[in-house]
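Engineer: Give the three-dimensional model of this entry:
(one chain, ligands or ions: 1)
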Amino acid sequence: MLTAIGNLMAEHRQIESVLNALERLINSSERHGQSITPAQIRDFADFFNEFVDHCHHGKEEELLFSAMLKFGFSSESDPMQCLLAEHTEGRQIVRVLLQIGSAEGPIDTDTQRQFIAYARNYIDLLRSHILKEDRILLPMAIQALPPDVMQAVGDACTDFDAHHIGAAALSGWRDLARRLTQI
Ligand SMILES: [Fe+2]
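Structural biologist: Down below sits the predicted model:
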């Protein structure tokens, strides 16, 4: 497996496991009438904001997609247009999740209902988004990008993680993912 694509796909699996954990939390809270705390919401929203958006979507948009644009792809036509629009939609939902999670005390029933509706939208959006990338966009990138360009994208991804995100932050997000997936 090519390094850049292999790493992005491995991150997809990690993101899916956190989405599954969020779904378990929501289902269990609905089934048992339990409250979800702002701290729990903050943990998920921080993971989506920092790891999914800055780290993962950052590498896709700034490194892989931008390389593909030089090899005949267009950000104005599908599948890239659709995927970029979904990144934007995801960011808008995460902003709401962050805002709900910033509450000081316990959240009321209406706010919890609102959180659950936004969280379910996000789970559905990201699951179908990841499926499109895994099945359509990433195979297209493997076909379209010459090996030296793919190697350069892989090196740039490693550099992005090391210098733009940082080893300490990355290991913090991985620890958070591990904790969240124990739910
Ligand atoms: Fe992705």
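Engineer: This structure: strands as residue ranges?
Structural biologist: With DSSP state E, there are no strands along the chain.
Engineer: In it, where is pLDDT below threshold?
Structural biologist: Counting by pLDDT under 70, the chain contains low-confidence residues at 1-2.
Engineer: mind checking the longest helix of it?
Structural biologist: For the chain, the helix with the greatest residue count under DSSP state H is helix 3-32.
Engineer: In contact with the residue nearest the centre of the chain, which residues?
Structural biologist: Centroid check for the chain by C-alpha atoms, centre = their mean gives Val52 as the closest residue, at 2.9 Å. Residues in contact with Val52 (C-beta atoms under 8 Å, 6 or more residues apart in numbering) are 15, 90, 94, 126. To be clear about C-beta, it is placed using only N, CA and C from the backbone, and glycine gets the same treatment.
Engineer: what number of residues lie near the closest residue to Glu50 other than its chain neighbours?
Structural biologist: Distance criterion C-beta to C-beta, 6 or more residues apart in numbering; nearest residue to Glu50, sequence neighbours excluded, is Trp173 at 6.1 Å. Neighbour count for Trp173, taken as other C-beta atoms under 10 Å: 20.
Engineer: you'd agree Trp173 is up against Cys55?
Structural biologist: Yes: between Trp173 and Cys55 there is a contact at 7.0 Å, judged by C-beta atoms under 8 Å.
Engineer: I'd like to know how far the residue nearest to Glu50 sits from Ile36.
Structural biologist: 21 Å (C-beta to C-beta, to the nearest Å).
Engineer: Any idea how many residues pack against Thr37?
Structural biologist: If you count neighbours by other C-beta under 10 Å, Thr37 ends up with 15.
Engineer: So what's the gap between stretch 124-140 and the chain middle?
Structural biologist: Here stretch 124-140 is found 12 Å from its chain centre; the criterion is C-alpha atoms, centre = their mean, to the nearest Å.
Engineer: Stretch 53-73 too?
Structural biologist: With C-alpha atoms, centre = their mean, you get 14 Å for stretch 53-73.
Engineer: Quick check: end-to-end length of it?
Structural biologist: 22 Å (C-alpha to C-alpha, to the nearest Å).
Engineer: got the contact list for that stretch?
Structural biologist: So stretch 53-73 is contacted by 4, 8, 11, 15, 75, 80, 83-84, 87, 90-91, 94, 133, 140-141, 144-145, 149, 152-153, 156-157, 160-161, 164-165, 170, 173 (C-beta under 8 Å, 6+ apart).
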